[in-house]
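Peer 1: sequence-free structure coming up:
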């Protein structure tokens, strides 16, 4: 998957548990696990904003694009 979620890195830097993070962001620990494990298909901007607010970081600190060598899908449906 070309988008890597780095929540675990930011949590470790702040010595914050998944449970505390989930509560402060307004997610369930199970949903945080889905994000951390790269199984999420989408993230709402409001959720991303809450995560950045709680962690005091930028979206780029939580999400990283990694080139997997696949050609880009340029259809409008994929946007």
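Peer 2: On my side now, so go ahead. Nothing here was measured: the structure is a model prediction, and the numbers come from that model.
Peer 1: just for this protein, where's the confidence low?
Peer 2: Applying pLDDT under 70 to the predicted model, the residue ranges of the chain that meet it are 1, 73-79.
Peer 1: quick one, helices of it?
Peer 2: Defined through DSSP state H, the helices belonging to the chain, from first to last, are 7-14, 18-25, 29-36, 45-55, 59-62.
Peer 1: can you redo those as TSV with distance to residue 69?
Peer 2: Backbone N, C-alpha and C define where each C-beta goes, glycine included. Rendered in TSV, the data for the helices of the chain read as follows (distance: least, Cβ to Cβ, whole Å):
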stretch	distance to residue 69
helix 7-14	24
helix 18-25	32
helix 29-36	24
helix 45-55	26
helix 59-62	22
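Peer 1: quick check: closest non-adjacent residue to residue 17.
Peer 2: residue 11 (7.4 Å; Cβ to Cβ, 6 or more residues apart in numbering).
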